[in-house]
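1. Here is my input; please provide its structure:
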Amino acid sequence: MQALVPTRHVANIFSAEFLPCTADRQVVSIDAAGLANYMMDVGGRNIAKVFMCQQEMGNQVVVDNDNPTVFLACGDDGFVRQYDLREKIECDCNGCEKDVLLSNCVDPATDRRRKGVPLFNFFALQSKPELKAPPRGQ
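-> Predicted coordinates for the structure are as follows:
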């Protein structure tokens with residue numbers, strides 16, 4: 001074991017990624033309780049911040065290889081959230097939709113809100129990072 005890093009996770013971690021251009025000193029992760037964690041090493045001290053926006057299980061985090069300040073998270077609530085660390089490094093809102101980038105929680109036939117279909121993963125095109133979508137069949 002290289003290092004033991006305390007986090008603020010309360011359940012199994014399902015996905016974790018180093019932020020690019022940070023010399024592997026900043027990590028984002030998401031757990032089964034839906035907590036997205038942002039951890040940084042500052043002067044040899046590990047600092048963990050948490051985003052509590054998701055209400056259900058979290059499944060995946062994705063980083064933008066060209067931008068060390070942005071990461072995305074998806075989960076069973078049917079949302080893809082985009083967090084920009086230049087704007088905030090934590091959120092204790094407990095279910096807000098401020099950072100929602102994509103959602104499958106609106107019924108296209110009626111335009112009414114519905115329970116989202118769980119999102120287990122998604123992709124971002126590296127050549128066009130503005131194009132992000134859940135995979136087919138989700």
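2. can you give me the strands for this structure?
-> Along the chain, the stretches classed as strands by DSSP state E are 13-18, 26-31, 36-42, 45-51, 58-64, 67-75, 79-84, 100-103, 106-107, 112-113, 123-124, 132-133.
3. Could you export those as JSON lines, including distance to N94?
-> Using the backbone N, CA and C atoms, a C-beta is placed for each residue, glycine as well. Output for the strands of the chain, formatted as JSON lines (distance: least, Cβ to Cβ, whole Å):
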{"stretch": "strand 13-18", "distance to N94": "20"}
{"stretch": "strand 26-31", "distance to N94": "15"}
{"stretch": "strand 36-42", "distance to N94": "13"}
{"stretch": "strand 45-51", "distance to N94": "10"}
{"stretch": "strand 58-64", "distance to N94": "14"}
{"stretch": "strand 67-75", "distance to N94": "14"}
{"stretch": "strand 79-84", "distance to N94": "14"}
{"stretch": "strand 100-103", "distance to N94": "15"}
{"stretch": "strand 106-107", "distance to N94": "22"}
{"stretch": "strand 112-113", "distance to N94": "18"}
{"stretch": "strand 123-124", "distance to N94": "27"}
{"stretch": "strand 132-133", "distance to N94": "25"}
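4. Which residue, other than its chain neighbours, is closest to T69?
-> Nearest residue to T69, sequence neighbours excluded (Cβ to Cβ, 6 or more residues apart in numbering): L85, at 4.5 Å.
5. how far away is that neighbour from G43?
-> Going from L85 to G43 by Cβ to Cβ, to the nearest Å gives 18 Å.
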